[in-house]
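Undergrad: Got a predicted structure plus its sequence, pasted below:
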Amino acid sequence: MASFEYVAVNAKGEQSTGSIDASNEADAIGQLRKSGLYPTQVVAAGKGGVSNKAKKASAKGGKNKSKSSSKGSSKGGSKGGIGGKVKGKVLMIFTRQLATLVDAGLPLMKGLTVLGNQEKNRVMASTINHLSDGVAGGGTFSESLGQHPRIFDRLYVNMVKAGELGGVLELVLVRLAEYQEKAEKLRNKVKAAMIYPIVVVIIAVAILTFLLVVIVPKFEQIFQDMDAEMPALTLAVIGFSDGVKDNWYWILGGGLLIFIGWRLLSRSEKGRAALDRFVLKVPIFGDVQLKGSISRFTRTLGTLVTSGVPILQALNITRETAGNTVVANAIEKVHEAVREGDSVVTPLESSGIFPPMVISMVDVGEETGQLPDMLLKIADVYDDEVDMAVDGLTALIEPLMIVLLALIVGTIVVALFLPMIGIISNMQNA
């Protein structure tokens, strides 16, 4: 038997914390449910325990419950409300907690009240109270979600709507929580792959600028004072340094113009499409981007269809969340084909961006009537592919960047020391 710490709520929405002895986590959850508690967090003792936030919320839950509920309702419109926006991680945690509560048997209204009382993010807390008010007023949960488009996108709203219509809201919330967790993990992986080389390049440029603008001019002055003979490499480095010093405003202005041009280009429809096509063709980085887009497409479509959203509506939503116009255009062609009664495979294959394995698995899924499950399996495969690609990319970029930086700095150092060798030789001969 092991000891588990827990955070749970009762049928009245009152929160409590404590510990319980059980053979495993599932057994602990079962014991808590039998005693009329709905666990929101169960952690093995000695592995971090329940959060301090949860303990504090439990300690003052009874005192603040009615106060925070009324305040949340009155302040909701002014703080966050309709125009508010939260980070993906905050939304992911809210969805997982709500799914856990509803799946445990707690009524939706009570679950929203509990989460609204303990939420620390002001925008999210205000939004949850708006949702609670909407449900209490007789509206559906999906209708209330639809009033906050900056937080809950069409995918979220339509999945919840499908769950309400099918009477399986708790199952859909669990699927939605799993989808968000995997999507957040994938997004973080791709960001890490893109950010690492950018940071290294920025550091390299900063070091190079310091050498050229500060160090090289000082050595140039020394060589001139000593009337030293300068080799071609030294003259080249000094000339490059003078060029950077004398034209820094042109270089800075040119970089700024390139950045502004890129931003303007990315905001236009044709420009965005051209940039997305270019990104997919970039060696190594393009492969990571494509695999990430395929994973996002298949997981989104598979999750929507599995949750009961009609295929055509699911394809429309998936196209909007593709994150790449090349992939979005391919999804648009799939939508047109399905609307005409054709299969999904043909337009996917004709797009030329989906690998043969994806085409084959979708084909098998259509033939066997298991397309949603097959799409989710493809997403799992490509999540692993992205993980391996990012790890390989990081392992490759690190030594390359180090070697490149060493060559640049080494060239400057050698160029500065060559005249010094000549000066020392002359002094010895004299």
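TA: Thanks, I have the structure now.
Undergrad: domain ranges for the protein?
TA: Following automatic domain parsing, one finds the domains of the chain at 1-53, 60-152, 177-430.
Undergrad: Including mean neighbour count, could those go into TSV?
TA: Any C-beta I mention is one placed from the backbone N, CA and C, and that applies to glycine too. What follows is those, written out as TSV (neighbours: other CB atoms under 10 Å):
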stretch	mean neighbour count
domain 1-53	16
domain 60-152	18
domain 177-430	16
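Undergrad: Of all those, which one comes closest to residue 158?
TA: Among the domains of the chain, domain 177-430 comes nearest to residue 158, with 5.2 Å by CB to CB.
Undergrad: mind checking how far that closest one is from the chain centre?
TA: With CA atoms, centre = their mean, to the nearest Å as the basis, domain 177-430 stands 15 Å off its chain's centre.
Undergrad: Excluding covalently adjacent residues, which one is nearest to residue 240?
TA: Counting by CB to CB, 6 or more residues apart in numbering, residue 240 lies nearest to residue 212, which is 6.6 Å off, once chain neighbours are set aside.
Undergrad: Tell me which of the domains of the chain lies nearest to residue 168.
TA: domain 177-430 (7.6 Å).
Undergrad: contacting residues for the residue nearest to residue 240?
TA: Residue 212 makes contact with 240-241, 244-245, 412, according to CB atoms under 8 Å, 6 or more residues apart in numbering.
Undergrad: sec struct for residue 294, please.
TA: Here residue 294 is recorded as helix under DSSP: H, G, I helix; E, B strand; the rest coil.
Undergrad: Okay, it and residue 314: tell me how far apart.
TA: Distance, residue 294 to residue 314, using CB to CB, to the nearest Å: 16 Å.
Undergrad: cool, and residue 8?
TA: Plainly put, residue 8 is 36 Å away from residue 314 if you go by CB to CB.
Undergrad: pLDDT-wise, which helix or strand of this structure ranks last?
TA: Across the helices and strands of the chain, the lowest-confidence element by mean pLDDT, DSSP states H and E is helix 61-75, at a mean of 41.
Undergrad: what helices or strands is whatever helix or strand comes next after it leaning on?
TA: Moving toward the C-terminus from helix 61-75, the next helix or strand (DSSP states H and E) is helix 88-103. With contacts defined as 3 or more CB pairs under 8 Å, 6 or more residues apart in numbering; DSSP states H and E, helix 88-103 has these neighbours: strand 38-44, helix 108-118, helix 122-136, helix 169-210.
Undergrad: Lowest average confidence across these, which one?
TA: Across the helices and strands packed on helix 88-103, strand 38-44 has the smallest mean pLDDT, namely a mean of 74.
Undergrad: what helix or strand is the spatially closest residue to residue 370 that is not a sequence neighbour on?
TA: Counting by CB to CB, 6+ apart, residue 370 lies nearest to residue 364, which is 7.9 Å off, once chain neighbours are set aside. Assessed by DSSP H and E, residue 364 sits inside helix 356-368.
Undergrad: Report the angle between the very next helix or strand once past that helix and helix 169-210.
TA: Sequence-wise, the next helix or strand downstream of helix 356-368 (DSSP H and E) is helix 371-429. Using axes from the mean of the first three to the mean of the last three CA atoms, to 10 degrees, the inter-axis angle of helix 371-429 relative to helix 169-210 is 10 degrees.
Undergrad: residues in contact with stretch 157-167?
TA: 140-142, 145-146, 169-173, 175-176, 303-304, 307-309, 313-314, 317.
Undergrad: that older thread, can you redo the domains of the chain as a markdown table with distance to residue 165?
TA: A markdown table is the format used below for the domains of the chain (distance: least, CB to CB, whole Å):
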| stretch | distance to residue 165 |
| --- | --- |
| domain 1-53 | 25 |
| domain 60-152 | 9 |
| domain 177-430 | 7 |
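Undergrad: At the geometric centre of the protein, which residue sits there?
TA: residue 187 (3.1 Å; CA atoms, centre = their mean).
Undergrad: mind listing what the nearest residue to that one once chain neighbours are set aside touches?
TA: With CB to CB, 6+ apart as the criterion, residue 187 has its nearest non-adjacent residue at 7.2 Å, and that residue is residue 88. Counting by CB under 8 Å, 6+ apart, residue 88 makes contact with 180, 183-184, 187.
Undergrad: redo that, cut-off 10 Å
TA: Contacts for residue 88 (CB atoms under 10 Å, 6 or more residues apart in numbering) come out as 180, 183-184, 187-188.
Undergrad: for residue 350, same thing?
TA: 330, 333-334, 337.
Undergrad: same question, residue 422
TA: Neighbours of residue 422 in contact, by CB under 10 Å, 6+ apart: 223, 226, 228-231, 234.
Undergrad: among those residues, which two are most distant?
TA: Within the contacts of residue 422, two members stand farthest from each other by CB to CB: 226 and 231, at 14.8 Å.
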